[in-house]
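> A structural model of the following input is requested.
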Amino acid sequence: MLLPRPGHRPDHLAVWLHNIRHLITADAAESPCPYVTEASDWPVRVDSRKPLDALQAQGVLPAMGAQPLGPSWPGNLRSFATIHEQCQHAIAPNTLPTDGAARAAG
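Numbering: from 1, shown residues only. Alright, predicted model coming up:
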């Protein structure tokens, strides 16, 4: 089954192989963490992952990473949430730019 899941671009697809309970995530999941260039992309990437986690895949093949991920791959999403929380904390007092364009211009 093809599943539309945003990655680096909004038109990426993931592939769910139901009979063997494996998932090919393309850029919807990357190991060890997703490539995100704009702060506004983060919630989209996290929300893109939630339906994939619900599949409870036995094996997950991300687009980037050294090896396939196993059934514990939702821990990968928890790591993303921790990174996001820490970044939001740093951005709140305006100590960091909120997007890559501002960073490049600075």
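> before we move on, what SS does the closest residue to Asp27 other than its chain neighbours have?
Using C-beta to C-beta, 6 or more residues apart in numbering and skipping residues adjacent in sequence, the residue nearest Asp27 is Gly7, 2.4 Å away. Bear in mind the C-beta positions are built from the backbone N, C-alpha and C, glycine included. Of the three states, Gly7 takes coil under DSSP: H, G, I helix; E, B strand; the rest coil.
> Surely Gly7 and Ala28 touch.
Yes: contact between Gly7 and Ala28 holds when scored by C-beta atoms under 8 Å: they sit 5.2 Å apart.
> His84 reaches Val44, doesn't it?
No: applying C-beta under 8 Å as the test, His84 and Val44 come out as separate, 11.7 Å apart.
> So for these two, which residue has more residues nearby?
Neighbours were tallied for His84 and for Val44 using other C-beta atoms under 10 Å; the higher tally belongs to His84 (16 against 13).
> avg pLDDT for whichever strand or helix holds the more buried one?
In this structure, His84 is located in helix 74-91 according to DSSP states H and E. Averaged across helix 74-91, pLDDT comes to 72.
> if we can go back for a sec, please give me every residue in contact with the residue nearest to Asp27.
For Gly7, the contacting residues are Ala26, Asp27, Ala28, Pro34, Arg45, Ser48, Ala63, by C-beta atoms under 8 Å, 6 or more residues apart in numbering.
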